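# got a predicted model here, sequence first, then my questions.
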Amino acid sequence: MTKPLEGIKIIDFTHVQAGPACTQLLAWFGADVIKVERPGSGDVTRNQLRDIPDADALYFTMLNSNKKSLTLDTKKAEGKEVLEKLIRESDVLVENFGPGALDRMGFSWERLNELNPKMIVASVKGFSDGHHYDDLKVYENVAQCAGGAASTTGFWDGPPTISAAALGDSNTGMHLAIGILTALLGRDKTGKGQKVAVSMQDSVLNLCRVKLRDQQRLERVGYLEEYPQYPHGEFSDVVPRGGNAGGGGQPGWVLKCKGWETDPNAYIYFTIQGHAWEPICKALGKPEWINDPAYNTAEARQPHIFEIFKTIEAWLADKTKFEAVDILRRFDIPCAPVLTMKELANDPSLRASGTIVEVPHKKRGSYLTVGSPIKFSDMKPQVTASPLLGEHTDEVLAGLGYSQQEIFNLREVKAV
Ligand code: COA
């Protein structure tokens, strides 16, 4: 099966999560991704949170599948020379070093463009170029705070809250992947490479755009009718945290099911979609609510929405989250069980679709990872193991024309 990105060569100068998530995606789709790592240590995540002594940590293996690993000390003259050769024949260079690191290494955008005017240079930084914080190093949670997610997540009587979803890291990597593919299409038209930059703050904010919508609505009318604060609580001049509220015309909440007293995940998310009001009432055994003016519009329900949720919870009390969803799905009600990582790991549908995959690894044995969430009719991306540190150094150097003796010499000076 031909993969769409076959023939695209990518220098993967990324580490931790944001950059590696981007290049892993491109590798699944066929790009030849060569991860350049510091000799001896490599990507810091190889060693972080290890569960098996002396074997690459899952943090690394789950973000670096389908890649090659080339060890190269790019601060040494010999290493720079190898990197320059690689640059001359690559299509893309992706990096997510701290601000200025690539320039300090001697590979500014101008220099890269001079070495290979057709190459796309893609970067992740915490903040965009020229931003008053553009000198800051940034990790996931910092980005969630800077991008508006933390101030709008959690409960109104608690502190700003971080999401477990990697909104700052993997999300930024996905934005960068879109940027790279766009620049590759652009290059087909112009013959020129370009710089593609994505900031973690911008990527988080992009996912929080409905909260910027709410800020403007709040400033205009002074309240937000779909938030739990309405109509009984107070609004300030900033978008509040709304707990587990759903947005707009689809109020929803996380509701207790049978066993919640002992199982912290015995819950479903229940959405009251306007057009499903009648089926909801039928499912709950409350036909009298269907035409009751105190219940039959979203506006009428909102003042006593928590009383409605309590009624639904009473109905859920003798049903597990799975039993409840099996009933509610027959009434076309948007809902889902709150699934744990254990349940997801063992979900037969996710296994069948290739979203959860088991990957054999030379040192670890097999491990589970999340495969491509994007499905194609003509291609099923196959996930292969992440490389061992420097596993492909000889192969890549030989491909660049280095002889066995020259490779030996590079090892002698510890450049690879
Ligand atoms: N050979 C020689 N040196 C190498 C190298 C190699 N193969 N690969 C990296 N290095 C050097 C760099 O040149 C740099 O050195 P310098 O600071 O002396 O110029 C250093 O290693 C890497 O620095 P940095 O990227 O700042 O690492 P850090 O561990 O201090 O910071 C981050 C980590 C993630 C905070 C930082 O990289 C960052 O802010 N990145 C941008 C935002 C981002 O992607 N964050 C999310 C990560 S999930």
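Sure thing, it's come through.

# low-confidence ranges in the chain?
The model of the chain has pLDDT under 70 over residues 1, 248-249.

# show me what from it comes close to the ligand.
Residues of the chain that fall close to the ligand, judged by Cβ under 6 Å from any ligand atom: 16-19, 36-38, 72-75, 96-98, 101, 104-105, 124-126, 137-139, 169. Where C-beta positions appear, they are placed from N, C-alpha and C, glycine not excepted.

# inside helices: which ones of those residues?
Counting by DSSP state H, the residues of the chain next to the ligand place 18, 19, 101, 104 in helices.

# now which of those would you call buried?
18, 19 (16 or more other Cβ atoms under 10 Å).

# element containing the closest residue to residue 293 other than its chain neighbours, please.
Leaving out its chain neighbours, the residue that sits closest to residue 293 by Cβ to Cβ, 6 or more residues apart in numbering is residue 300, at 6.2 Å. Per DSSP states H and E, residue 300 falls inside helix 298-301.

# which helices and strands sit right next to the next helix or strand after that helix?
Next in sequence after helix 298-301, counting helices and strands by DSSP H and E, comes helix 305-316. Helix 305-316 sits against strand 252-256, strand 267-271, helix 277-284, with contacts defined as 3 or more Cβ pairs under 8 Å, 6 or more residues apart in numbering; DSSP states H and E.

# switch to 10 Å and redo it
Applying 3 or more Cβ pairs under 10 Å, 6 or more residues apart in numbering; DSSP states H and E, one finds that helix 305-316 makes contact with strand 252-256, strand 267-271, helix 277-284, helix 298-301, helix 321-328.

# the residue of the stretch 51-200 of the chain found nearest the ligand: how many residues sit nearby?
Relative to the ligand, the nearest point of the stretch 51-200 of the chain is residue 98 (2.4 Å; Cβ to the nearest ligand atom). Neighbour count of residue 98, defined by other Cβ atoms under 10 Å: 13.

# before we move on, what about residue 254?
Look at residue 254: counted by other Cβ under 10 Å, it has 13 neighbours.

# who's in contact with it?
Residue 254 sits next to 243, 244, 245, 267, 268, 269, 270, 309, 338 when contact means Cβ atoms under 10 Å, 6 or more residues apart in numbering.

# tell me the SS of the closest residue to it other than its chain neighbours?
Nearest residue to residue 254 in three dimensions, chain neighbours excluded: residue 244, at 4.5 Å (Cβ to Cβ, 6+ apart). Recorded secondary structure, residue 244: coil (DSSP: H, G, I helix; E, B strand; the rest coil).

# wait, residue 244 touches residue 253, no?
Yes - Residue 244 lies in contact with residue 253 (Cβ atoms under 10 Å); the separation is 5.3 Å.

# mutual contacts of the two, please.
Joint contacts of residue 244 and residue 253 (Cβ under 10 Å, 6+ apart) are 228, 267, 269, 309.

# look up the closest residue to residue 309, ignoring the ones flanking it.
Excluding the flanking residues, the one nearest residue 309 by Cβ to Cβ, 6+ apart is residue 253, at 5.0 Å.

# now do residue 400
residue 85 (4.8 Å).

# got phi/psi on that neighbour?
The phi and psi values for residue 85, taken as degrees, to the nearest 10, are phi -60, psi -40.

# show me where this structure has strands.
For the chain, applying DSSP state E gives strands covering 9-13, 32-37, 68-71, 92-95, 120-125, 195-199, 252-256, 267-271, 335-337, 356-361, 365-370.

# among those, which comes closest to residue 409?
With respect to residue 409, and counting by Cβ to Cβ, the nearest of these is strand 68-71 at 14.8 Å.

# can you redo the strands of the chain as JSON lines with distance to residue 394?
Output for the strands of the chain, formatted as JSON lines (distance: least, Cβ to Cβ, whole Å):
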{"stretch": "strand 9-13", "distance to residue 394": "17"}
{"stretch": "strand 32-37", "distance to residue 394": "13"}
{"stretch": "strand 68-71", "distance to residue 394": "9"}
{"stretch": "strand 92-95", "distance to residue 394": "22"}
{"stretch": "strand 120-125", "distance to residue 394": "27"}
{"stretch": "strand 195-199", "distance to residue 394": "31"}
{"stretch": "strand 252-256", "distance to residue 394": "53"}
{"stretch": "strand 267-271", "distance to residue 394": "51"}
{"stretch": "strand 335-337", "distance to residue 394": "49"}
{"stretch": "strand 356-361", "distance to residue 394": "20"}
{"stretch": "strand 365-370", "distance to residue 394": "25"}
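
# looking at these, which is nearest to residue 317?
strand 252-256 (7.6 Å).

# next one: the closest one to chain centre, how far?
Relative to the mean C-alpha coordinate of its chain, strand 252-256 is positioned 25 Å out (Cα atoms, centre = their mean, to the nearest Å).

# in that strand, what counts as buried?
Here strand 252-256 shows 252, 253, 255, 256 as buried, counting by 16+ other Cβ under 10 Å.

# who are the contact partners of the first one?
The reference is to residue 252. Residue 252 neighbours (Cβ under 10 Å, 6+ apart): 226, 244-246, 268-273, 305, 309, 334-335.

# please redo it, this time with the cut-off set to 8 Å
Applying Cβ atoms under 8 Å, 6 or more residues apart in numbering to residue 252 gives the contacts 244, 245, 246, 269, 270, 271, 272, 334.

# list the contacts for the first one?
So the one you mean is residue 244. Counting by Cβ under 8 Å, 6+ apart, residue 244 touches 252, 253, 254, 269.

# same check on the fourth one?
By Cβ under 8 Å, 6+ apart, the contact set of residue 269 is 244, 252, 253, 254, 255, 335, 336, 338.

# gap between it and the ligand?
Relative to the ligand, residue 269 is positioned 29 Å away (Cβ to the nearest ligand atom, to the nearest Å).

# still on that earlier bit, could you give me the buried positions within the helix holding residue 300?
Neighbour counts over helix 298-301 (16+ other Cβ under 10 Å) mark 298, 301 as buried.
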